[in-house]
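**Q** With the sequence up front, the predicted model follows.
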Amino acid sequence: MKRANVQRKTAVRCGDCQSIFTAEIEDDGAVFLIGMGDRCGCGGTEFSSFA
């Protein structure tokens, strides 16, 4: 599946476990964790900007 155009790269924090990841924020607002997809290892799917 082709992803939307990437808007920017940033650091994000998982809302569940507080882990920090490098992520791409897509034009539609979706967060894509680099190397992990759209889900944290803990199962969390809600992220906030950390940078």
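**A** Nice, thanks for sending it over. Nothing here was measured: the structure is a model prediction, and the numbers come from that model.
**Q** Can you name the residues bridging to residue 23?
**A** residue 10, residue 33 (DSSP bridges).
**Q** Isn't it up against residue 13?
**A** No. The pair residue 23 and residue 13 fails to qualify as a contact (Cβ atoms under 8 Å) at a distance of 9.9 Å. The way it works is simple: take the backbone N, C-alpha and C, and place the C-beta from them, glycine included.
**Q** Looking at those two, which one has more neighbours?
**A** More crowded of residue 23 and residue 13, by other Cβ atoms under 10 Å: residue 23, with 23 against 19.
**Q** Next up, the contacts around that one.
**A** Taking Cβ atoms under 8 Å, 6 or more residues apart in numbering, we find residue 23 in contact with 9, 10, 11, 12, 31, 32, 33, 34, 47.
**Q** can you redo these as a markdown table with neighbour count, distance to residue 40 and pLDDT?
**A** Output for these, formatted as a markdown table (neighbours: other Cβ atoms under 10 Å; distance: Cβ to Cβ, whole Å; pLDDT from 0 to 100):
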| residue | neighbour count | distance to residue 40 | pLDDT |
| --- | --- | --- | --- |
| 9 | 12 | 17 | 92 |
| 10 | 15 | 15 | 94 |
| 11 | 12 | 13 | 96 |
| 12 | 22 | 9 | 96 |
| 31 | 19 | 10 | 91 |
| 32 | 18 | 12 | 93 |
| 33 | 18 | 7 | 95 |
| 34 | 10 | 13 | 94 |
| 47 | 22 | 8 | 95 |
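**Q** Contacts for the worst-scoring helix or strand of the chain on mean pLDDT, please.
**A** Every helix and strand of the chain was ranked by mean pLDDT, DSSP states H and E. The lowest is strand 6-14, at a mean of 87. Contact partners of strand 6-14, identified using Cβ under 8 Å, 6+ apart, comprise 19-27, 31-34, 40, 42, 44, 46-51.
**Q** where does the chain have low pLDDT?
**A** In the predicted model, the chain carries pLDDT under 70 at residues 1-6, 51.
**Q** switch the cut-off to 90
**A** For the chain, the stretches flagged by pLDDT under 90 are 1-8, 26-30, 49-51.
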